[in-house]
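> need coordinates for the below:
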Amino acid sequence: MTTVRIIGAPTDYGANRRGVDMGPSAIRYGGLADQLAGAGVEVVDAGDLHVPRAEERDPDADAPSEGKAKFLRETEEVCRQLGDEVAATLADGEVPLALGGDHSIAIGSLSGSARDADIGAVWFDAHADLNTPATTPSGNVHGMPLAAALGIDEFADTEWANAPGLSPENVALVGLRSVDEAEVELIRDRGFAAYTMSDIDERGITEVTEEALTVASTGVDGIHVSLDLDWLDPNAAPGVGTPVRGGVTYREAHSAMEIVDETDALRSMEIVEVNPTLDQHNETAELATELAASALGKRVL
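Next comes the predicted model:
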């Protein structure tokens, strides 16, 4: 039986709106353990990482030499912790499931998962998260984790942020619909496999997800799945900090996660950007629990 270890990362350092640090609690309260048990996996909850409140810290205390990145020192502290937890979980033969928190936690998840293995990554998100301190419009690190993990530009040789076993040719972005100009150029220059919502509309969620998983899983030891709840349309997932209309439907999201499970290559996963202060009756957090269960084997029949 597969054992899934839940690791809470209650941080909002990388976000532009407070409240997403309560995401791990909301997801647990939404029934995560029961959903995962229904998927037939054993569940171990490792609790939450220690994350000081953002209000207690100076966002510019460790500003980069070029550009802007708020709470960079604090993000490093969290991601080092998370990377160690993810690596230890894998060493124990378990599957790490990290709960955000904002998407900056993916830096830690990826670095831990790729520490002793070659991995691919599928990024289910409305955004590309390929900004750097020099290109970011906002300075919010939740728009930078994929660039950080891949060591792009200012993140080159940033040991704490880099995922050594992750290569650009094994990265697929699914469901894009809000991409900054610098990110568009980077996607084209580096040849990332990138699928917009138009691709999903034209080809269907099944074909796009299967192709993305093929890209991510070719020649690697396993795949990391990063699931940002703003990938879904705000009608299905209202409790997110950066909603973008025109996302995937409830059913499309479940179908994609079921296909993830069918590949039998899932190594690690995170669920991010659930903000209960913006949610309605905890429905986004509950949806997150359902999608995690689908990715880990839960089916109707």
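> ok, residue 210 - contacts?
residue 259 (C-beta atoms under 8 Å, 6 or more residues apart in numbering). (C-beta placed from N, C-alpha, C; glycine too.)
> tell me the pLDDT of it.
At residue 210, the model reports a pLDDT of 98.
> quick one: which helix or strand includes it?
Taking DSSP states H and E as the definition, one finds residue 210 inside helix 205-217.
> in that helix, which residues are buried?
The neighbour-count check on helix 205-217 (16 or more other C-beta atoms under 10 Å) flags 205, 208-209, 211-213, 215-217 as buried.
> which among these gets closest to residue 111?
For the buried residues of helix 205-217, the closest approach to residue 111 (C-beta to C-beta) belongs to residue 216, at 17.0 Å.
> surely the closest one is in contact with residue 172?
Yes - using C-beta atoms under 8 Å, residue 216 is in contact with residue 172, at 5.2 Å.
> which neighbours do these two share?
Listed as contacting both residue 216 and residue 172 by C-beta under 8 Å, 6+ apart are 120-122.
> just checking, which of these belong to strands?
Secondary structure from DSSP state E places 120-122 of these in strands.
> which parts of this structure are helices?
Assigned by DSSP state H, the helices in the chain fall at 23-29, 32-38, 72-91, 106-113, 145-149, 181-190, 197-203, 205-217, 250-263, 283-295.
> so the helix holding residue 210 versus helix 250-263, what angle?
Here helix 205-217 points in a direction 40 degrees away from that of helix 250-263 (axes from the mean of the first three to the mean of the last three C-alpha atoms, to 10 degrees).
> figure out how far helix 205-217 is from the centre of its chain.
Distance of helix 205-217 from its chain centroid, counting by C-alpha atoms, centre = their mean, to the nearest Å, is 17 Å.
> and that helix, C-alpha only, in CSV?
Extracted in CSV, the C-alpha atoms of helix 205-217 (Å, rounded to 0.1, in the frame of the first residue of the first chain):
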residue,chain,number,x,y,z
ILE,A,205,-8.1,17.7,-21.3
THR,A,206,-7.3,14.0,-21.8
GLU,A,207,-5.0,14.4,-24.8
VAL,A,208,-3.3,17.5,-23.4
THR,A,209,-2.7,15.9,-20.0
GLU,A,210,-1.4,12.7,-21.5
GLU,A,211,1.0,14.5,-23.7
ALA,A,212,2.2,16.7,-20.8
LEU,A,213,2.8,13.6,-18.7
THR,A,214,4.8,12.0,-21.5
VAL,A,215,7.0,15.0,-21.7
ALA,A,216,7.5,15.0,-18.0
SER,A,217,8.1,11.3,-17.5
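> from residue 118, how far out is residue 220?
5 Å (C-beta to C-beta, to the nearest Å).
> intersection of neighbour lists for those two?
Joint contacts of residue 220 and residue 118 (C-beta under 8 Å, 6+ apart) are 165, 170.
> out of these two, which sits in the more crowded spot?
Higher neighbour count among residue 220 and residue 118: residue 220, with 21 against 14, using other C-beta atoms under 10 Å.
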